[in-house]
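*Asks:* here is my input; please provide its structure:
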Amino acid sequence: SARTGLCVLFFHIFYTSSAFQRFKPSDNCGHFIIRSLESVSSLSASVSISLSAGAKGPPEAPPSTLPNWVTMSTPVDEKSKDAHVRQTGSSSSSDNDPSAGFLPATAGVTNVDAAWKFLNEHRDAQGVDAVNLTALRHKIDWHIVPLMFLCYTMQFLDKVILNYAAVMGINKDLKLQGNDFSNVATFLFVGLLCFEVPNIYFLQIFPAAKWLGANVTLWGIATACGAAAHNYQSLLVSRIFLGIFEATIAPSLMLISSQWYTKSEQAPRFSFWYLGLGLGQIIGGLISFGFQHMTPGAALAGWRTMFVVLGCLTVVFGICTFFFIPDTPMQAKWLSDTEKVALLKHVSVNQTGIQSRKFRVKEIFEALLDPQIYLLILSVVLLSVSSGVVTTYSATLIRNILSDEPPAWAPKKAALLNMPSGIVSIFFTLMVGYGIRKQSHRWAWIIACIIPAIIGGALMSFLPKSNKAGLLAGIYLVNAVVAPLTIFYNWTVANCAGATKRAFAAAIISGSFSLGNIIGPQTFQARDAPDYHPAKLAVMGTQAGCALTTFVLFLYYVWANKRRNDRSKETEEQFLSPDVWATLTDKENKHFRYTY
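*Replies:* Have a look, this model is predicted:
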């Protein structure tokens, strides 16, 4: 009978396996059975089924279907609670830490990532080692990165068109007075900031790609509806809704990137899709210049037509994103099962998972007690104050420099002269991406971008009005601040493990960007026009503060890694272990290494 077989089996395990010496009363049945199976060569199918019904191990891998890597497990050091947790293999600037050896599965893990389930089902896939990872990366790049790039380009364009509308007559048409324009610019980011918190939950229960595509479509509609604004209040409402729908752009792109690439591979991809910001500045200038040539007295003013055209274009890209970016690598129809296994094996070094639908409240509390989160928030807020200036007021500042130009020509020239700002953004973003790709320290590149921005703020603040070239150079140099944001985004997903914590961190850092952009436009007060000296000085001060907090964050990562220097080295061959795919946070996994 099953009862007799069960008794015989337990007797056999107790007296023939090395697990007998390691069994403790505090261990549950699941722990004991998995350890005992290491020395059992074969089991009766009927008895295995009886055992699996009473075991408390992971339901995804009952004893009757345990893969080979469980039976190959090595003993666990009972003196250390962390001995059976897999390390990331990531240090200050590297993802791979070549060595050898297997670690055992974490017994009792019931919440594993969807990627582990896929790997368990395809553990016998043939030809995985023969997959060319370089070719596989290029294949992935061509399928998802262009759409990510277009999404980021459109979100910046849809934000920055208000900047160009300011020199195209929107203030006059809508009778904006005093600080109305600054408030419209600010409340877009208020909507964005307020929706970051619920966005955490939605990113946990919906696929990031689908959630992104839906929101891109909706913010395109909100942008187009801005053309119907007839006063301050209606314009304000349209911009608030734009901010609500744009709240997901940065967290979604961060999470999508972390699904497909290792930590070192993520940074250059972050830089690439972030190039959309620079391209948006260039295209925005051309679009504004073109729409300013519309026939006077047309049915729609130039700025209204610009809103409609860009809004409709955004809707098209949103639909494409929804349908063409896979929810996860496991669902990519353009990858074979062998390629999927090879990819998951490759990105397992991140130890941040691919997809987990379980919302763990304790990870939120962990994030709220994590010093790195507060340092990241402070750094991004300080950095983004200047970004708010660039996004909202660069065209206005340039137009003030051209105050002696003919009134009919000054707005058009201001739009064209703002285009080099995009070139500066692209240059520094590419520089940062290249530097990180060469495995250099990320924090140093942040400082390298902040220094030119401080110089730009000084030129804007202290040069006389007669020095137009110097003032323009100052405005252009301030755009160097956009590049470091890619590093902060990369740090967020690379150094925060656990599905819920990572989503929370991504949303909070994106919200910090919004907060900085709320503060930035508010430094431009009507009473300070047309020179806006307090705002220009704020650019210098906040950038210096960001440099300081970035250095402190670097020191924190160095200190945290030194506390964990007793880790063992491993290779990607542990990619099948549930430890790799369990939703452990960076604090729970003592072998985790922070990237700096």
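*Asks:* any figure for the gap between Trp409 and Val167?
*Replies:* Separation of Trp409 from Val167 (Cβ to Cβ, to the nearest Å): 11 Å. The way it works is simple: take the backbone N, C-alpha and C, and place the C-beta from them, glycine included.
*Asks:* nope, Val558 is what I was after
*Replies:* Remark: distance between Val558 and Val167 (Cβ to Cβ) = 47 Å.
*Asks:* re earlier: neighbour-wise, which of Trp409 and Val167 wins?
*Replies:* Legend: neighbour count by other Cβ atoms under 10 Å for Trp409 and Val167, higher for Val167 (23 against 11).
*Asks:* who's in contact with the more buried one?
*Replies:* Contact partners of Val167, counting by Cβ atoms under 8 Å, 6 or more residues apart in numbering, are Ser288, Ala395, Thr396, Arg399, Ala410, Pro411, Ala414, Ala415.
*Asks:* part of a helix, is the last one?
*Replies:* Spelled out, that is Ala415. Yes: assessed with DSSP: H, G, I helix; E, B strand; the rest coil, Ala415 lies in a helix.
*Asks:* chain neighbours aside, what residue packs nearest to it?
*Replies:* Excluding its sequence neighbours, the residue lying closest to Ala415 (Cβ to Cβ, 6 or more residues apart in numbering) is Ser288, at 4.0 Å.
*Asks:* please apply the same query to Gly456.
*Replies:* Closest to Gly456 by Cβ to Cβ, 6+ apart is Leu477, at 2.9 Å.
*Asks:* and Lys333, by the same measure?
*Replies:* Nearest non-adjacent residue to Lys333 (Cβ to Cβ, 6+ apart): Pro326, at 7.3 Å.
*Asks:* look at that neighbour and give its secondary structure.
*Replies:* coil.
*Asks:* sorry, back to before: elements contacting the helix or strand where the residue nearest to Gly456 lies?
*Replies:* Assigned by DSSP states H and E, Leu477 belongs to helix 468-478. Secondary-structure packing of helix 468-478 (3 or more Cβ pairs under 8 Å, 6 or more residues apart in numbering; DSSP states H and E): helix 371-401, helix 419-437, helix 442-462.
*Asks:* closest one to Pro521 among those helices?
*Replies:* Evaluated with Cβ to Cβ, the helices and strands packed on helix 468-478 place helix 371-401 nearest to Pro521, the distance being 4.7 Å.
*Asks:* return the distance of that closest one from the chain's centre.
*Replies:* Relative to its parent chain, helix 371-401 has a centroid offset of 19 Å by Cα atoms, centre = their mean, to the nearest Å.
*Asks:* tell me what that helix is packed against?
*Replies:* In terms of contacts (3+ Cβ pairs under 8 Å, 6+ apart), helix 371-401 is packed against helix 133-165, helix 180-205, helix 410-417, helix 442-462, helix 468-478, helix 484-494, helix 499-522, helix 533-562.
*Asks:* show me the contacts for the residue nearest to Val216 when sequence neighbours are not counted.
*Replies:* Excluding the flanking residues, the one nearest Val216 by Cβ to Cβ, 6+ apart is Gly318, at 3.2 Å. Gly318 makes contact with Cys151, Gly213, Ala214, Asn215, Val216, Thr217, Leu218, Trp219, Gly220, according to Cβ under 8 Å, 6+ apart.
*Asks:* so what's the second one up against?
*Replies:* Gly213 makes contact with Gly318, Ile319, Cys320, Thr321, Phe322, Phe323, Ile325, according to Cβ under 8 Å, 6+ apart.
*Asks:* nearest to Ser271 among these?
*Replies:* Using Cβ to Cβ, Ile325 comes nearest to Ser271 of these, at 18.8 Å.
*Asks:* pretty sure that closest one is touching Trp211, no?
*Replies:* No: judged on Cβ atoms under 8 Å, Ile325 makes no contact with Trp211 at a distance of 10.8 Å.
*Asks:* before we move on, back to that, any chance of the contacts of Val167 in a markdown table with pLDDT, distance to Arg442 and neighbour count as columns?
*Replies:* What follows is the contacts of Val167, written out as a markdown table (pLDDT from 0 to 100; distance: Cβ to Cβ, whole Å; neighbours: other Cβ atoms under 10 Å):
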| residue | pLDDT | distance to Arg442 | neighbour count |
| --- | --- | --- | --- |
| Ser288 | 84 | 34 | 28 |
| Ala395 | 78 | 32 | 26 |
| Thr396 | 79 | 33 | 20 |
| Arg399 | 84 | 36 | 21 |
| Ala410 | 80 | 41 | 18 |
| Pro411 | 80 | 40 | 22 |
| Ala414 | 84 | 35 | 27 |
| Ala415 | 82 | 34 | 25 |
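*Asks:* for the residues you listed, which one is nearest Phe181?
*Replies:* Nearest to Phe181 among the contacts of Val167, with distances taken as Cβ to Cβ, is Thr396, at 8.7 Å.
*Asks:* any idea of the pLDDT on the nearest residue to that closest one once chain neighbours are set aside?
*Replies:* Distances taken as Cβ to Cβ, 6+ apart put Ala166 closest to Thr396, at 5.5 Å, once the chain neighbours are dropped. Note on Ala166: pLDDT of 85.
*Asks:* tally of neighbours for Ala166?
*Replies:* 23.
*Asks:* list the contacts of the most centrally placed residue in the chain.
*Replies:* Taking Cα atoms, centre = their mean, the centroid of the chain lies closest to Met254, which sits 2.0 Å from it. Going by Cβ under 8 Å, 6+ apart, Met254 touches Phe270, Tyr489, Asn490, Thr492, Val493, Ala506.
*Asks:* quick one: contacts of stretch 400-412?
*Replies:* Counting by Cβ under 8 Å, 6+ apart, 167-168, 289, 292-293, 399, 413-414, 417, 465, 468, 471-472, 530-531 sit against stretch 400-412.
*Asks:* now stretch 433-451: mean pLDDT?
*Replies:* 85.
*Asks:* typo on my end, stretch 359-379
*Replies:* On average, stretch 359-379 scores 90.
*Asks:* next one: stretch 214-229
*Replies:* On average, stretch 214-229 scores 95.
*Asks:* tell me the buried residues in it?
*Replies:* 214-227, 229 (16 or more other Cβ atoms under 10 Å).
*Asks:* nearest to Thr500 among those?
*Replies:* Taking the buried residues of stretch 214-229 together and measuring to Thr500 by Cβ to Cβ, the closest member is Asn215, at 20.0 Å.
*Asks:* how far away is that closest one from Ala208?
*Replies:* Following Cβ to Cβ, the distance that separates Asn215 from Ala208 is 11 Å.
*Asks:* neighbours of the residue nearest to Lys333, how many?
*Replies:* So Pro326, with other Cβ under 10 Å, has 20 neighbours.
*Asks:* next: Phe206.
*Replies:* For Phe206, using other Cβ under 10 Å, the count is 16.
*Asks:* okay, and the common contacts of Asn215 and Ala208?
*Replies:* Ser252.
*Asks:* what's the pLDDT at Lys172?
*Replies:* With respect to pLDDT, Lys172 has a value of 89.
*Asks:* check the one 5 residues further on too.
*Replies:* The predicted local distance difference test score for Gln177 is 88.
*Asks:* same check, this time on Phe554
*Replies:* 94.
*Asks:* look up how far Leu369 lies from it.
*Replies:* 21 Å.
*Asks:* the two: which has the busier surroundings?
*Replies:* Phe554 (20 against 10).
*Asks:* helix or strand: which one has the residue nearest to Ala415?
*Replies:* Applying DSSP H and E, one finds Ser288 within helix 263-291.
*Asks:* what does Gln177 give?
*Replies:* Using DSSP H and E, no helix or strand contains Gln177.
*Asks:* count the neighbours of it for me.
*Replies:* 10.
*Asks:* begin at 52, not 1, for the rest of this chat.
*Replies:* Fine by me, first position is 52 from now on; the one you just mentioned is Gln228.
*Asks:* got the phi and psi for it?
*Replies:* When read as degrees, to the nearest 10, the backbone of Gln228 gives phi -130, psi 160.
*Asks:* next: Arg411.
*Replies:* According to degrees, to the nearest 10, Arg411 has phi -100, psi 110.
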